[in-house]
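Q: need coordinates for the following:
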Amino acid sequence: MEAALDKQSPSLDDCLKLLKGERDEQRLAGLLLVTKFCKGNDLASLRRIYDAVGTQFLDRLLRTGNLGG
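A: Modelled structure (predicted):
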């Protein structure tokens, strides 16, 4: 039964595909899912995630809602 669940679970590569998606919704979903795959000391995975997300999306995400206030 566990093997069937593992096949249905998204992998890090699946999350990276979402992070490289065209829509912000895809990228945000990828960010939420990727937390299951890497630890803070897994620098290689963190670098792959950072490269997949890109700085423009991160900047836009951090600036959203900060207009006036």
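Q: contacts only, for the residue sitting nearest the centre point of the chain.
A: With distances taken as Cα atoms, centre = their mean, residue 31 lies nearest the centre of the chain, 2.7 Å away. By Cβ atoms under 8 Å, 6 or more residues apart in numbering, the contact set of residue 31 is 19, 53. The way it works is simple: take the backbone N, C-alpha and C, and place the C-beta from them, glycine included.
Q: angles on the backbone of it, please.
A: phi -60, psi -40 (degrees, to the nearest 10).
Q: okay, it: pLDDT?
A: Here, the pLDDT recorded for residue 31 equals 92.
Q: how about residue 22?
A: 93.
Q: can you give me the neighbour number for it?
A: Using other Cβ atoms under 10 Å, residue 22 has 7 neighbouring residues.
Q: go on, residue 58?
A: 13.
Q: tell me which element it is part of?
A: helix 55-63 (DSSP states H and E).
Q: which strands and helices sit next to that helix?
A: Judged by 3 or more Cβ pairs under 8 Å, 6 or more residues apart in numbering; DSSP states H and E, helix 55-63 is in contact with helix 24-34.
Q: next, count neighbours for residue 43.
A: Neighbour tally, residue 43, other Cβ under 10 Å: 10.
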